[in-house]
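Asker: Here you go, sequence then predicted model.
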Amino acid sequence: MTSFARISAVAALASALAAIPALSQDLGIELGQTAPAVTVQSLDGKPVNLGSYIGKTPMLIEFWATWCPNCKELMPTLLDVEKKYSKQVKFVAIAVAINQSPEKVRRFLAAHPLPHDTYYDVEGGAAGAFDAPATSYVVVLDKNGKVVYTGLGGKQDLDAAVRKAL
């Protein structure tokens, strides 16, 4: 490979990588779309219809896993935002069913209690309906149930995301 070709390839790769953070806000379910009313499972095995919340109050939904490093990185930010907006916004965590079980999630929460409701996505129906690309995926809905924010990764401006919903 010539020096010029190598430089061109590196420049193309750098350009593609630079675009990734901008795309992270547009992953998953389309902005402006009404959120689907999906059924997940409580950690004691009972069905929970998220539609009972959607369209009634702003919501922040995180798709996460006990083993996810980005989820652990995002947790302090999420907890700070939840503390600030918990009277105005419904916070929900949906544990994905990849490499974990409701029992693993219960054990994790026993060791690391969280203030928001945590549910389990038994067969991946919620992740599919919200087009969740990975764990640490956050969706914020306004009070009408419209998607106003999607983000992925351990570094997200959740405060700004929640303000979009208010």
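Answerer: Now that the structure is in, tell me what you want to look at. Numbers count the residues shown, from 1 in each chain.

Asker: Identify the residues contacting the closest residue to G55 other than its chain neighbours.
Answerer: Using CB to CB, 6 or more residues apart in numbering and skipping residues adjacent in sequence, the residue nearest G55 is G145, 3.7 Å away. Yep, even glycine has a C-beta here, placed from its N, CA and C like the rest. G145 is in contact with 34-35, 54-55, counting by CB atoms under 8 Å, 6 or more residues apart in numbering.

Asker: K143 too?
Answerer: Listed by CB under 8 Å, 6+ apart, the contact partners of K143 are 55-58, 165.

Asker: any idea how far Y85 is from it?
Answerer: Look at K143 and Y85: by CB to CB, to the nearest Å, they are 13 Å apart.

Asker: which stretches of the protein form helices?
Answerer: Applying DSSP state H to the chain gives helices spanning 3-23, 69-85, 102-111, 125-129, 158-165.

Asker: Quick one: residues in contact with the third one.
Answerer: In other words, helix 102-111. Under the criterion CB under 8 Å, 6+ apart, residues 41, 43-45, 66, 95, 118, 120 lie in contact with helix 102-111.

Asker: Send me that helix as PDB with only the CA atoms.
Answerer: C-alpha atoms of helix 102-111 as PDB (Å, rounded to 0.1, in the frame of the first residue of the first chain):
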ATOM      1  CA  PRO A 102     -34.400 -12.600  37.100                       C
ATOM      2  CA  GLU A 103     -32.600 -14.300  40.000                       C
ATOM      3  CA  LYS A 104     -29.200 -12.700  39.000                       C
ATOM      4  CA  VAL A 105     -31.000  -9.300  38.700                       C
ATOM      5  CA  ARG A 106     -32.600  -9.700  42.100                       C
ATOM      6  CA  ARG A 107     -29.200 -10.600  43.700                       C
ATOM      7  CA  PHE A 108     -27.600  -7.500  42.000                       C
ATOM      8  CA  LEU A 109     -30.400  -5.300  43.300                       C
ATOM      9  CA  ALA A 110     -30.000  -6.700  46.800                       C
ATOM     10  CA  ALA A 111     -26.400  -5.700  46.800                       C
END
